[in-house]
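In: Got a predicted structure plus its sequence, pasted below:
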Amino acid sequence: MNVILAVKLYVTKMIEDCGPGMKVLLMDKETTGIVSMVYTQSEVLQKEVYLFERVDSSGRESMKHLKAICFLRPTKENIEHLCSELKNPKYGVYHIYFSNFVIKPNIRAIAEADDHEVVRDVQEFYADFYAVSPHVFSLNIPNCSRSGNWDLEALDRSSQGILAVLLSLKKYPIIRYQYSSEMARRLAETIRNKMREEATLFDFRKPDVPPLLLIWTYQAMVHELIGIRNNRVDLSRCPGNMYLNFGEIGQNIKTLMTEFQQNVKSNQRLESISDMKNIRRQMANENVSELDLLRMVSLYALRYERHSGNDLRGLPQEIIVFLIGGATYEEAFAVYNLNKSLPGVKIVLGATTMHNCKSFLEEVSHSTSQGAGSRTRASSGGANYRSSYQSHFF
């Protein structure tokens, strides 16, 4: 639960994966700030990174002897700058790392722009937040709302930043939010929906699923259906094929595979209650082996083991608190003291921005700048301007 260490590990891996040799770090405005908060320039120089450039800067010299490490946010502007760079490359090779999810059209645009074939790899490294201290992060969003509603760009950036924190810390949250806050509800729902879309990224468990699955490679299927012992296959359970020619054996295999595929398709259409009851009939079917029954039940249990309601199983030991509207360093100090006084409990504080009195009043003014009605609401509820979004982890 150390956000500085999480970002440092990402940056270190970017540099090390490029291998030995002189390198240039090509960044945008935001990633420049993200990296500078965890690494000094002298520390990065020790890792053979001798040049730091902005992807949007013009007039850069051509240096083909350098390897380019591109660390960028996946924004429309950055994709356009990167494509322009690749059409006229100034460095020998390019290793591209995005700080958050990249959509397929952007990947396609990069591939089409790489006429000189200088791109070596494209990866997602989820360092998309500003690590203020080991237990505090900010997203540097100064004005996230207007008239008590989310600015859509701020909502998108906030959800991306929180998702990046979760992925970098390898945490799968149980989400809790302030019931009276519509902004907190929208943020929580946005994060929940994105986590469902990227379910495989957020599955940090290592369940024993592979041995239960039927792998469709030749060796795996032979071992599953017949059995391999010391690289030898015992065909005593497959009589009647010894003296057939190769074409007849192929036809037998095709018939068996067709039957198997039909069974697989019927098992995938479990939509109604009657379909699910069919599982019970299959369990009573003598033609289904005990091994296949055990396989089916085990996979079902692994698939639905998390469907036990939203109750917490105890007091959370790892907590991330995210404040919509910003946090203060006084609150960061309070979290530090809590971490110090509660052994075994780890708390991380995140916020759209880090406030002082002036910046907080400016954000309140910006949020209530849509007319008299808004100002009236602010005067009656200004003290409750900030909303909280909490995530509890186990």
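Out: Looks like it came in fine.

In: Quick check: the residue in the chain sticking out farthest from the centre vs N252, distance?
Out: The centre of the chain is farthest from one residue, Y243, which by CA atoms, centre = their mean lies 54.4 Å away. Going from Y243 to N252 by CB to CB, to the nearest Å gives 13 Å. To be clear about C-beta, it is placed using only N, CA and C from the backbone, and glycine gets the same treatment.

In: D17 now?
Out: Distance from D17 to N252, by CB to CB: 48 Å.

In: How about S359: what's its closest non-neighbour residue?
Out: Computed as CB to CB, 6 or more residues apart in numbering, the closest residue to S359 that is not its neighbour in sequence is P142, at 6.7 Å.

In: got it, and K8?
Out: V38 (4.8 Å).

In: Quick one: find the helix or strand in this protein with the lowest mean pLDDT.
Out: helix 372-381 (a mean of 32; mean pLDDT, DSSP states H and E).

In: pretty sure the residue nearest to K8 contacts Y10?
Out: No. V38 is not in contact with Y10 according to CB atoms under 8 Å; the separation is 9.1 Å.

In: circling back to that earlier point, helix, strand or coil: sort out the residue farthest from the centre of the chain for me.
Out: Using DSSP: H, G, I helix; E, B strand; the rest coil, the structure places Y243 in coil.

In: got any ranges where the stretch 201-350 of the chain has weak pLDDT?
Out: Along the stretch 201-350 of the chain, the parts satisfying pLDDT under 70 run over 204-216, 237-238, 260-261, 263-288, 301-313.

In: what's the burial count for A351?
Out: A351 has 29 neighbours, counted by other CB atoms under 10 Å.

In: The residue nearest to it when sequence neighbours are not counted pairs with what?
Out: In this structure, A351 finds its nearest non-sequential neighbour in A327, 3.5 Å apart by CB to CB, 6+ apart. Per DSSP bridges, residues listed as beta-bridge partners of A327: M354.

In: A327 and H355 touch, don't they?
Out: Yes. Using CB under 8 Å, A327 is in contact with H355, at 6.8 Å.

In: Of these two, which one has the most company?
Out: Relative neighbour count places A327 above the other of A327 and H355, with 26 against 23, counting by other CB under 10 Å.

In: check contacts around the residue nearest to A351.
Out: Counting by CB atoms under 8 Å, 6 or more residues apart in numbering, A327 makes contact with V136, S138, L349, G350, A351, T353, M354, H355.

In: Tell me the spacing between it and V335.
Out: In this view, A327 and V335 are 9 Å apart by CB to CB.

In: Then S36?
Out: Distance from S36 to V335, by CB to CB: 23 Å.

In: out of these two, which sits in the busier spot?
Out: Remark: of S36 and V335, V335 carries more neighbours, 18 against 14, as counted by other CB under 10 Å.

In: what helix or strand does that one sit in?
Out: helix 329-341 (DSSP states H and E).

In: In that helix, which residues are buried?
Out: Within helix 329-341, the residues that count as buried by 16 or more other CB atoms under 10 Å are E331, A332, V335, Y336, N339.

In: how about the residue lying closest to the fourth one once chain neighbours are set aside, what does it touch?
Out: On the basis of CB to CB, 6+ apart, the spatially nearest residue to Y336 that is not a chain neighbour turns out to be H135, at 6.3 Å. Contact criterion CB under 8 Å, 6+ apart gives M1, N2, V3, A332, V335, Y336, N339, K346, I347, V348, L349 as the residues in contact with H135.

In: what does I191 give?
Out: For I191, the contact set (CB under 8 Å, 6+ apart) comprises S159, I162, L163, I175.

In: does the second one count as helix, strand or coil?
Out: The one in question is I162. Applying three-state DSSP: I162 is helix.

In: From L26, how far off is E48?
Out: Taking CB to CB, one finds E48 at 15 Å from L26.

In: Who has more neighbours out of these two?
Out: L26 (27 against 14).

In: Let me know the helix or strand that the more buried one is in.
Out: Judged by DSSP H and E, L26 forms part of strand 23-27.

In: tell me the angle the helix or strand encompassing A6 makes with strand 23-27.
Out: Secondary structure from DSSP H and E places A6 in helix 3-17. Orientation of helix 3-17 against strand 23-27 (axes from the mean of the first three to the mean of the last three CA atoms, to 10 degrees) gives an angle of 130 degrees.

In: Contacts for helix 3-17 next, please.
Out: 23, 34-35, 37-39, 44, 47-49, 69, 71, 95, 97, 121, 125-127, 129, 131, 133-137, 165, 168-169, 348.

In: can you do 7 Å?
Out: Outside helix 3-17, the residues that touch it by CB atoms under 7 Å, 6 or more residues apart in numbering are 23, 34-35, 38-39, 47, 49, 69, 71, 95, 97, 125, 127, 131, 133-134, 137, 165, 168-169, 348.

In: quick one on the thing from earlier: if I look at the residue farthest from the centre of the chain, how far off is I249?
Out: Y243 is 10 Å from I249, by CB to CB.

In: just N231 next, same as before
Out: From N231 across to I249, the span is 21 Å (CB to CB).

In: which one of those two has more residues nearby?
Out: I249 (12 against 6).

In: so what's the more buried one closest to, chain neighbours aside?
Out: Nearest residue to I249, sequence neighbours excluded (CB to CB, 6+ apart): N241, at 5.7 Å.

In: what's the burial count for the one you found?
Out: By other CB under 10 Å, the residues close to N241 number 11.

In: helix, strand or coil for I319?
Out: Per three-state DSSP, I319 ends up strand.

In: dump the residue contacts of the closest residue to it other than its chain neighbours.
Out: Distances taken as CB to CB, 6+ apart put I347 closest to I319, at 4.8 Å, once the chain neighbours are dropped. Applying CB under 7 Å, 6+ apart to I347 gives the contacts H135, I319, V321, V335, L338, N339.

In: Switch these over to CSV; also include distance to L299.
Out: Converted to CSV, these look like this (distance: CB to CB, whole Å):
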residue, distance to L299
H135, 39
I319, 33
V321, 36
V335, 41
L338, 41
N339, 40
